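Colleague: Return atomic coordinates for the entry below.
(chains A and B, ligands or ions: 2)
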Amino acid sequence: MTKKQNEIDKISGVQTTGHEWDGIKELDNPMPRWWLIVFYLCIIWAIGYWVVYPAWPTLSGDGERGGTEGSQGWTQYKQLKEAQAEIVARKAVYQGRFDQASYAEIKEDPSLYAFALAGGKAAFGDNCATCHGTGGAGASGYPNLNDDDWLWGGDIDAIEQTLRYGVRSGHDEARFNEMPAFGSFMDTADIQAVADYVYAVAHGEALPEAGEAIFDEQCSVCHGSAGVGVQELGGPKLADAIWLYGGSKSDIVAQIRNPKHGIMPAWDGRLSDSTIRQLTVYVHSLGGGE
Amino acid sequence: MTDTAAPLKLFVKKERIFPKRVWGKFRKIKWLSMVTLLGIYYLAPFIRWDRGPHAPDQAILIDMPARRAYFFFIEIWPQEVYYLTGLLILAAIGLFLVTSLLGRVWCGYACPQTVWTDLFVWVERIVQGDRAKRQRLYQAPWSFEKLWKLGLTHSAWLVIGMLTGGAWVFYFNDAPTLIEQIVHLDVPWSVLGWIIALTLSTYVMAGFAREQVCIYMCPYARFQSAMFDKDTLVIGYDELRGEQRGKHKKGESWEGRGHCIDCTACVQVCPVGIDIRDGLQMECIACGLCIDACNDIMHKLELPPDLIRYDTPHNQECRKEGKPEYFSLFRLRTFYYIAIMTVVGGAILFGLLNRSETELHVLHDRNPMFVQLSNGDIRNGYDIKILNKTQEDRIFSLSAEGLTGLTLKAQGAGELDAGSLLVFADSVGHFRVFAFAPKPETTRSDIRFVLQEKETEAREEYETLFVSGKQ
Ligand code: SF4
Ligand code: SF4
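Modeller: Ligands and ions are numbered 1, 2, ... in the order given. Alright, predicted model coming up:
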């Protein structure tokens, strides 16, 4: 290909660059002036940027800077820290009052109550939702926190206690109970009879006599007479519509024979005191709190 | 194309236009409209309107932080911005109607670009003199005189620009408070940003871009020819009467020649720099200044006025063919426009007159959808929003219907009772409410929340769901 230089385009009178594609020649028009001005301004801007901001990578690696310092000493890390400090400061307006207030006072103060709910909701999502679900609705084996059935009590202090020390968590203060595995010492017919009795209690049917005697003897200590439950011992109420491990007859039999026991961890020491209190208010607010 | 043809210029450099001063009827109308429009613009935010203790008393205010817009007796909430849509439609169709009847009168007299350009040209003339002087100064080499004259012009432009931006922000803030803040140089950044932005845009648009905005940037200039027909008023040069044009000596007879003496007065005053005698052109903003200029000449020549005038293409044709004059205001399109405006205006009016002062919104909980209680009853949770658009605190009672044994319980800070929910003036009350019912036969039932104001009969309903099975 021969390069024709200095050719003048006949129509526009502009010199061509000598480049040609399929018979179309590129004109060598100068850059528009506004374009050049913008370009030079960008260069000036870039130089200014080098000076003002950290621009050149260095190996200082102190976590605050990843490069040259910049005349303003600005870093993203610093900006993040400031933003975080601002959040803390904004929270502090309520935090102090919240820490001083009793649950009754919190409930009466709309701003503190909203503060507790917001913090509690976030903490719940981080720590509790794994087992109890994001809305606290639980699942089989994981109690529903929205309903009005509480294994260990649903008033605000009882909820705090459970949250703080857990259930069967190994903590000294933990809630603890354990249902014996009746399958190892009770024969099948008796288990069946007790299961029938429990089912009848829950559904308000006529109580079979056979199971009643065994229930009174073996179960009523924890579950109360006629299955009304004993919250102090964590004995679940049986005379209701809510079941942790299922309410069908076979579920009941399975639970009597070889019971499952859930574990709730103790949050004391793992979450701050204030967070536990916020969680308490939040869980209590879910609707089932007594 | 032959080799010898002069090279074509692909880009034409902007030529600076120095409109000459002119007197006359249309110039007067332009002054009047400028003063009126600027007056409205600058003074409107200071009009007060008493709305009681809970609302601002500025007649026209767009309160961004509080999300309210006020226009005299009208108050608009964010969910009612469709009123604004209606207003914009009205304005647009109104503009179409006027354009189809009178041509570009908006462009010539009322468009902010025209008004501010006019103002800037006036400043230019005061400082630098009229057309010839300005032209000379423009071409002259730099001198002390040129420096101070241009400096003064541009400073004045910047001041006007600043006042433009300064007035704008009053529509979004309480004007007297903001004035105080400005006096104490304690202006919020948002306000300062707007002032700067509008100062610069006014300076650039009215100082430099001027007619270029009308010709190259304005979208309306592009499509308003769609509103034109042969009965639309346009600026026209009466060719029949004007041609053959040519110089004319005093006392000479007008026999056998046209009335145009080719003095170019009409060209010199034109703010968009065209010669109207070449016929109607896309650049012409129908400002009528060429009419004033030519009528002045005609007056001096003791000839009848209106060699250039507002005319319709149809009438021009009629005259050429020797037919009687013809004007018609009412055409199919004008009826269309009027009809649309009536419908939209009616809808807005209807909406405003029937605007509810209370609104109820109910949002069913999704997680969990429902909760079974130990006695077998079902509980559903709802987020309730009650909009109180009046200026008084009101107490509402909330109830629900549609299921046997349905009861409500409000939950929140303090002791709440669904039977008496307090919503403050001009605000949204946000409540959490639980609905209880014995387990229904169906897994989902339709229920209805009913909101009733305690003192008045005001009643709002909201249909929603009560879920009781199958998560
Ligand atoms: S031609 Fe006449 S009406 Fe049109 S813009 Fe120029 S002066 Fe105004
Ligand atoms: S001002 Fe009137 S007379 Fe003078 S050139 Fe224009 S049309 Fe002709």
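
Colleague: Contact residues of chain B facing ligand 1?
Modeller: B:235, B:269-272, B:274, B:276, B:284-290 (C-beta under 6 Å from any ligand atom). All C-beta atoms are positioned from the backbone trio N, CA, C, and that covers glycine.

Colleague: May I see these arranged in a markdown table, with secondary structure, pLDDT and distance to chain A as well?
Modeller: Formatted as a markdown table, these follow (DSSP: H, G, I helix; E, B strand; the rest coil; pLDDT from 0 to 100; distance: C-beta to the nearest C-beta, whole Å):
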| residue | secondary structure | pLDDT | distance to chain A |
| --- | --- | --- | --- |
| B:Ile235 | strand | 91 | 33 |
| B:Val269 | coil | 93 | 31 |
| B:Cys270 | coil | 93 | 27 |
| B:Pro271 | coil | 92 | 24 |
| B:Val272 | coil | 91 | 23 |
| B:Ile274 | coil | 91 | 25 |
| B:Ile276 | helix | 92 | 32 |
| B:Cys284 | coil | 92 | 28 |
| B:Ile285 | coil | 92 | 26 |
| B:Ala286 | coil | 91 | 31 |
| B:Cys287 | coil | 92 | 29 |
| B:Gly288 | coil | 92 | 34 |
| B:Leu289 | helix | 94 | 31 |
| B:Cys290 | helix | 94 | 33 |
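
Colleague: What is the nearest of the residues you listed to B:Asp296?
Modeller: Within the residues of chain B next to ligand 1, the smallest distance to B:Asp296 is 9.6 Å, found for B:Val269 (C-beta to C-beta).

Colleague: Work out for me the element A:Gly256 sits within.
Modeller: Heads up, residue A:256 is Ile, not Gly. helix A:249-257 (DSSP states H and E).

Colleague: what's next to that helix, contact-wise?
Modeller: With contact meaning C-beta atoms under 8 Å, 6 or more residues apart in numbering or on different chains, helix A:249-257 is reached by A:179, A:181-183, A:186, A:191-192, A:194-196, A:198-199, A:243, A:245-246.

Colleague: So which bits of that helix are buried?
Modeller: Buried residues in helix A:249-257, counting neighbours by 16 or more other C-beta atoms under 10 Å in any protein chain shown, are found at A:Asp251, A:Ile252, A:Val253, A:Ala254, A:Gln255, A:Ile256.

Colleague: From chain A, how far out is the residue located most distally from the centre of chain B?
Modeller: Outermost residue of chain B with respect to the C-alpha centroid, by C-alpha atoms, centre = their mean, is B:Asn375; its distance is 62.3 Å. Noted for B:Asn375: a distance of 7 Å to chain A, by C-beta to the nearest C-beta, to the nearest Å.

Colleague: what residues are up against that residue?
Modeller: B:Asn375 sits in contact with A:Asp240, A:Ala241, where contact means C-beta under 8 Å, 6+ apart.

Colleague: Would it be right to say that it lies in a strand?
Modeller: No. Counting by DSSP: H, G, I helix; E, B strand; the rest coil, one finds B:Asn375 to be coil, located in no strand.

Colleague: From B:Trp122, how far out is it?
Modeller: 84 Å (C-beta to C-beta, to the nearest Å).

Colleague: next one: B:Leu88
Modeller: On the measure of C-beta to C-beta, B:Leu88 and B:Trp122 end up 31 Å apart.

Colleague: circling back to that earlier point, CSV for the residues of chain B next to ligand 1, including distance to ligand 2 and neighbour count?
Modeller: CSV is the format used below for the residues of chain B next to ligand 1 (distance: C-beta to the nearest ligand atom, whole Å; neighbours: other C-beta atoms under 10 Å in any protein chain shown):
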residue, distance to ligand 2, neighbour count
B:Ile235, 11, 25
B:Val269, 9, 22
B:Cys270, 10, 25
B:Pro271, 15, 22
B:Val272, 15, 19
B:Ile274, 12, 21
B:Ile276, 7, 22
B:Cys284, 14, 21
B:Ile285, 17, 27
B:Ala286, 16, 22
B:Cys287, 15, 25
B:Gly288, 13, 23
B:Leu289, 11, 28
B:Cys290, 7, 29
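
Colleague: From those, pick the one nearest B:Cys318.
Modeller: Among the residues of chain B next to ligand 1, B:Ile235 lies closest to B:Cys318 (C-beta to C-beta), at 17.6 Å.

Colleague: the strands in the stretch 301-450 of chain B, which residues?
Modeller: B:308-311, B:358-364, B:371-372, B:378-388, B:394-401, B:407-411, B:421-423, B:427-437, B:444-453 (DSSP state E, counting those that start in this stretch).

Colleague: Highest average neighbour count across those strands: which stretch is it?
Modeller: Highest mean neighbour count among the strands of the stretch 301-450 of chain B (mean count of other C-beta atoms under 10 Å in any protein chain shown): strand B:371-372, with a mean of 24.

Colleague: if we can go back for a sec, and which of the buried residues of helix A:249-257 is nearest ligand 2?
Modeller: Nearest to ligand 2 among these, counting by C-beta to the nearest ligand atom, is A:Asp251 at 102.0 Å.

Colleague: per-residue confidence at that closest one?
Modeller: With respect to pLDDT, A:Asp251 scores 94.

Colleague: For it, give its distance to A:Asn177.
Modeller: In terms of C-beta to C-beta, A:Asp251 sits 19 Å off from A:Asn177.

Colleague: mind checking which helix or strand the residue nearest to the spatial centre of chain A is in?
Modeller: Central residue of chain A (C-alpha atoms, centre = their mean): A:Gly125, 1.4 Å from the mean position. Applying DSSP H and E as the criterion places A:Gly125 in helix A:110-127.

Colleague: wait, B:Glu463 sits on B:Asp446?
Modeller: Yes. Using C-beta atoms under 8 Å, B:Glu463 makes contact with B:Asp446 at a distance of 6.2 Å.

Colleague: Run through the residues that contact the spatially closest residue to A:Leu145 that is not a sequence neighbour.
Modeller: Of all residues not flanking A:Leu145 in the chain, A:Gly136 sits nearest, at 3.9 Å (C-beta to C-beta, 6 or more residues apart in numbering or on different chains). The contact partners of A:Gly136, by C-beta under 8 Å, 6+ apart, come to A:Phe124, A:Cys128, A:Asn144, A:Leu145, A:Asn146, A:Val283, A:Leu286, B:Pro368.

Colleague: tell me the pLDDT at A:Gly136?
Modeller: Looking at A:Gly136, the pLDDT reads 91.

Colleague: Please apply the same query to the one 4 residues further on.
Modeller: Predicted confidence (pLDDT) for A:Ser140: 90.

Colleague: Same question for A:Gln79.
Modeller: Predicted confidence (pLDDT) for A:Gln79: 89.

Colleague: what's the distance between it and ligand 1?
Modeller: Separation of A:Gln79 from ligand 1 (C-beta to the nearest ligand atom, to the nearest Å) stands at 54 Å.

Colleague: Any residue of the helix or strand that residue falls within touching chain B?
Modeller: Counting by DSSP H and E, the element that carries A:Gln79 is helix A:76-100. No. Shown here: helix A:76-100 not in contact with chain B (C-beta under 8 Å from any C-beta of the partner chain), separated by at least 13.1 Å.

Colleague: Show me which residues of the next helix or strand after that helix are buried.
Modeller: Helices and strands here follow DSSP H and E; after helix A:76-100, the next one along the chain is helix A:103-108. Neighbour-count burial for helix A:103-108 flags A:Tyr103, A:Ile106, A:Lys107 (criterion: 16+ other C-beta under 10 Å).
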